[in-house]
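Undergrad: Have a look at this prediction, sequence included:
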Amino acid sequence: MGTRPDTGGMRRAHTVEQVRAAEGELMARLPEGALMQRAAHGLAAAVADLLGEVYGARVRLLVGPGDNGGDALWAGALLARRGAGVEAVLLSEKAHAEGLAALRAAGGRVVDSGGARPDVVVDGILGIGGRPGLRENAVAALADVAGVPVVAVDVPSGVEVDTGRVDGPHVRAHLTVTFGTHKLAHLVDPAAEACGALHLVDIGLDLPEAALEALQPADAGALLPVPGPFDHKYTRGVVGVRAGSEQYPGAAVLCTSGAGTGLAGMVRYVGSAADQVRAVHPEVVVGAGRVQAWVVGSGGSEGAAEALAEAAADGVPLVVDADAIAHVRSLEPDADVLITPHAGELAALLDVDRAEVEADQLGYARRAAADLGVTVLLKGRHTLCAAPDGRVRVTTTGTPWLGTAGAGDVLAGLCGALRAAGLSSYDAGSLGSWLHGAAAQLASDGGPLVAARVADAVPPVVRGLLRSTLS
Ligand SMILES: NC(=O)C1=CN([C@@H]2O[C@H](COP(=O)(O)OP(=O)(O)OC[C@H]3O[C@@H](n4cnc5c(N)ncnc54)[C@H](O)[C@@H]3O)[C@@H](O)[C@H]2O)[C@H](O)CC1
């Protein structure tokens, strides 16, 4: 039995193949065209919401040769019947015949580019049948309406739907109205960034296990390690931090701040910044001892390799960050490891260009996880958590203000605390990233922040999740 699309719970994304199979099964049980009508009605309603006033609004449809264009034409007919002035630009010799007839019957017109400037553009050029990139006439038609809000049908045309790559010209949408389920391009950058806001229309698909998922507040709340009445600091998990150096003592303080947000029972610190750590965190125990997980590498400099070897000798799970990532191949193959690279660190580890990792974030996160047998938390606007078994979660919390020095140190410590508290590396990485992004949104409140304030904002985010989960 498959699953219905997410409506408030875990956000799930499926591959084109999975969607086509589900659509095929449902179409076989419905009258001809029924699925497209469901899509078109949802699309028209979303465009109407965006317009506010439909009567007299000017709508331009950019129409491709397939069913994606059919959605746009049928939605245009619905808007025309409500008094909108709807014009279709056909970008191929072929166009969905029934949709075109419906548009004309409702008073819509077919025009060449260049009519009166519309209030909204509907991108029905390419959907899940599209190959990456756009033909010149599509690029010209889009340039003709530069600055007008674009509503993409299903996916922004020109993106690579199953990978999130955008290797050629593509649509940048104000809003993407998708059908049945999210696709990977809606959640994986760089394509996700081109989608704008996402609106999912349920068309009744019966879906298999998702190819990718994104935690929502309820999922994050359910993963939180909450102490029981008989727990104490040791049963709640002790997280060890080996971070900082003479050059970067602050990284030790920030990593310890992330580890010490209260999600584990105790924090131990080993390194050259003990005085600085003690001064900020009197609750941190300085010196080696038994831990349930080690966080290694933030600000580690040349000492990172040795710190990693010492931590690995304890045989406990490891969160490997920053300067220690380059040494991850020195670990035992069966070590339980979460690495937390940004694109540059992953590129160096895999000996590829940074730009290539940024262009294919999902591909490289998955490849590193499978090849190295570790869980990979590839940091970015939409951070990806990839497990060696192929599972992937994407983080949709966060703010551009989080691009600030030390934020990664806090994240590594936070993931280490969750790992020490008993979550798997996959759950610790994906939940840690989710909490980190949500805490940054709270600390930012729309403005600048520094990394230490992100750590301070984690407990209030956790309280909010628990209140909503328990209410
Ligand atoms: N299948 C259903 O029940 C439903 C589908 N919906 C909508 O249909 C599209 C998918 O439609 P499809 O006809 O399979 O493909 P596209 O419209 O995405 O592409 C059409 C066509 O375009 C050509 N093409 C591919 N790449 C390019 C390119 N870069 N430049 C120019 N032309 C290109 C190629 O020949 C394709 O076949 C789906 O997204 C939904 O919008 C309904 O919404 C739900 C029911």
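TA: That came through fine.
Undergrad: Please confirm that L62 is located within a strand.
TA: Yes: assessed by DSSP: H, G, I helix; E, B strand; the rest coil, L62 belongs to a strand.
Undergrad: Thought A141 was touching it, still the case?
TA: Yes: contact status for L62 versus A141: in contact at 5.4 Å, counting by Cβ atoms under 8 Å. Glycine gets a C-beta too; all of them are placed from N, C-alpha and C.
Undergrad: what sits in contact with each of these two?
TA: By Cβ atoms under 8 Å, 6 or more residues apart in numbering, L62 and A141 have these common neighbours: 89, 91.
Undergrad: quick one: which of the two has more around it?
TA: L62 (28 against 23; other Cβ atoms under 10 Å).
Undergrad: in stretch 228-235, what's buried?
TA: Judged by neighbour count using 16 or more other Cβ atoms under 10 Å, stretch 228-235 contains no buried positions.
Undergrad: next one: that stretch to chain centre, how far?
TA: Centroid separation for stretch 228-235 versus its chain: 34 Å, with Cα atoms, centre = their mean, to the nearest Å.
Undergrad: what do you get for stretch 54-72?
TA: Counting by Cα atoms, centre = their mean, stretch 54-72 comes out at 28 Å from the chain centroid.
Undergrad: And for stretch 372-385?
TA: 11 Å.
Undergrad: Send me it as CSV with only the CA atoms.
TA: Included here for stretch 372-385 are C-alpha records, laid out as CSV according to Å, rounded to 0.1, in the frame of the first residue of the first chain:
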residue,chain,number,x,y,z
LEU,A,372,33.0,6.1,2.0
GLY,A,373,30.4,4.3,4.0
VAL,A,374,29.6,7.4,6.1
THR,A,375,26.6,9.6,6.6
VAL,A,376,27.2,12.9,4.8
LEU,A,377,25.7,16.2,5.9
LEU,A,378,26.5,18.5,2.9
LYS,A,379,25.9,22.0,4.1
GLY,A,380,24.3,24.6,1.9
ARG,A,381,21.1,26.6,1.4
HIS,A,382,19.2,23.3,1.5
THR,A,383,21.5,21.1,3.5
LEU,A,384,21.4,17.4,2.5
CYS,A,385,21.8,14.4,4.8
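Undergrad: Name the next helix or strand downstream of the strand or helix carrying A192, please.
TA: Assigned by DSSP states H and E, A192 belongs to helix 191-195. The helix or strand immediately downstream of helix 191-195 is strand 197-201, counting by DSSP H and E.
Undergrad: Touching whichever helix or strand comes after that next one from outside, list them.
TA: Sequence-wise, the next helix or strand downstream of strand 197-201 (DSSP H and E) is strand 212-214. The contact list for strand 212-214 (Cβ under 8 Å, 6+ apart) reads 10-13, 184, 187-188, 362, 392-396.
Undergrad: which residue ranges form the helices in the stretch 251-400 of the chain?
TA: Per DSSP state H, counting those that start in this stretch, the stretch 251-400 of the chain carries helices over the ranges 274-280, 304-312, 343-350, 354-359, 361-372.
Undergrad: For the stretch 351-471 of the chain, give me the ranges with low pLDDT.
TA: Applying pLDDT under 70 to the stretch 351-471 of the chain flags residues 470-471.
Undergrad: Closest approach to the ligand from it, which residue is it?
TA: Of the residues in the stretch 351-471 of the chain, the one nearest the ligand is A359, at a distance of 17.4 Å by Cβ to the nearest ligand atom.
Undergrad: what's the burial count for the closest residue to that residue other than its chain neighbours?
TA: The shortest distance from A359 to any non-neighbouring residue, by Cβ to Cβ, 6 or more residues apart in numbering, is to R165 (5.8 Å). R165 has 21 neighbours, counted by other Cβ under 10 Å.
Undergrad: What residues does this structure have near the ligand?
TA: Within the chain, the positions lying close to the ligand (Cβ under 6 Å from any ligand atom) are 23, 27, 35-36, 39, 64-69, 71, 126-131, 133-135, 153-154, 179.
Undergrad: what about 5 Å?
TA: Contacts of the chain with the ligand, taken as Cβ under 5 Å from any ligand atom, map to 23, 35, 39, 65-68, 71, 126-131, 133, 135, 154, 179.
Undergrad: Just the buried subset of the residues you listed, written out for ChimeraX, thanks.
TA: To isolate the buried subset of these in ChimeraX, counting by 16+ other Cβ under 10 Å, use the following:
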select :23,35,39,65,66,67,68,71,126,127,128,130,133,154,179
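Undergrad: Cross the residues of the chain next to the ligand against helices and list the overlap.
TA: 23, 35, 39, 67-68, 71 (DSSP state H).
Undergrad: correct me, but V461 touches H436?
TA: No: checked against Cβ under 8 Å, the pair V461 and H436 is beyond contact range at 9.3 Å.
Undergrad: The closest residue to A105 other than its chain neighbours is in what secondary structure piece?
TA: Sequence neighbours aside, A77 is the residue nearest to A105 in space, at 7.1 Å (criterion: Cβ to Cβ, 6+ apart). Using DSSP H and E, A77 sits within helix 67-81.
Undergrad: so after that helix, what's the next helix or strand?
TA: strand 85-90.
Undergrad: Pick the one among the contacts of strand 212-214 closest to A455.
TA: T395 (17.2 Å; Cβ to Cβ).
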